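Engineer: Here's a sequence, model it:
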Amino acid sequence: MAKYLIQIAAAAALCAAAVGFDALQTPTTYACTLSGEPFHYQNGVRAEAPGDVTLRFKLLIKPWSDTYEIADTTQLPEHQAKSIRLDYSRSNPVDVYYVSDAVDKRTGIRNVSSLVINTVSGDTRIFHHTWMPPNGWENSVQYSFVGNCKKAGL
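Structural biologist: Numbers count the residues shown, from 1 in each chain. So this is what the prediction gives:
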């Protein structure tokens with residue numbers, strides 16, 4: 001019995017050390033500038049004036065994590081969702097893809113979000129679309145921003 005308790009304690013300590021290691025990792029911080037045009041519709045009426053918008057924010061990517069964090073902007077609330085995860089099948093050592101594609105079973109509303117960053121050049125794309133399939137644009141959100149994210153301190 002004591003042998004099993006020691007094994008369980010060792011396993012718990014190993015898990016705690018792994019969680020602690022992840023929390024102690026320093027994220028890579030990028031200073032980003034992206035441009036694009038958002039389309040927000042409420043009851044069939046566009047919610048903002050047409051035209052390009054420039055966003056500036058910080059992007060934080062932790063090593064060994066499958067999520068990212070966006071700071072210093074409130075203009076990308078959809079990209080605060082932890083459901084946007086690293087897509088290992090699309091990513092490679094240079095291009096990193098984060099994707100979420102989900103349909104709310106209760107409402108039928110589809111949400112697609114993605115962030116793609118080239119970790120060498122800094123070229124970055126952020127996309128989001130919320131709508132009622134197949135083509136319900138009357139109450140929808142869509143934006144696509146492209147630009148560059150430079151590692152902080154460079």
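Engineer: Show me the strands paired with the helix or strand harbouring R56, marking each as parallel or antiparallel.
Structural biologist: Assessed by DSSP states H and E, R56 sits inside strand 53-61. If you go by DSSP bridges, strand 53-61 pairs up with strand 28-36 (antiparallel), strand 68-71 (antiparallel).
Engineer: Quick one: name whatever helix or strand follows the first one.
Structural biologist: Once the chain leaves strand 28-36, the next helix or strand it forms, by DSSP H and E, is strand 39-42.
Engineer: Then the last one?
Structural biologist: Sequence-wise, the next helix or strand downstream of strand 68-71 (DSSP H and E) is strand 85-86.
Engineer: In the strand holding R56, which residues are buried?
Structural biologist: Neighbour counts over strand 53-61 (16 or more other Cβ atoms under 10 Å) mark L55, F57, K58, L59, L60, I61 as buried. To be clear about C-beta, it is placed using only N, CA and C from the backbone, and glycine gets the same treatment.
Engineer: cool, stretch 31-46 as well?
Structural biologist: A31, C32, L34, G36, P38, F39, Y41.
Engineer: Show me what the strand of greatest length in the chain is packed up against.
Structural biologist: Longest strand of the chain, by residue count under DSSP state E: strand 136-151. Packing contacts for strand 136-151, counted by 3 or more Cβ pairs under 8 Å, 6 or more residues apart in numbering; DSSP states H and E, involve strand 28-36, strand 39-42, strand 53-61, strand 123-132.
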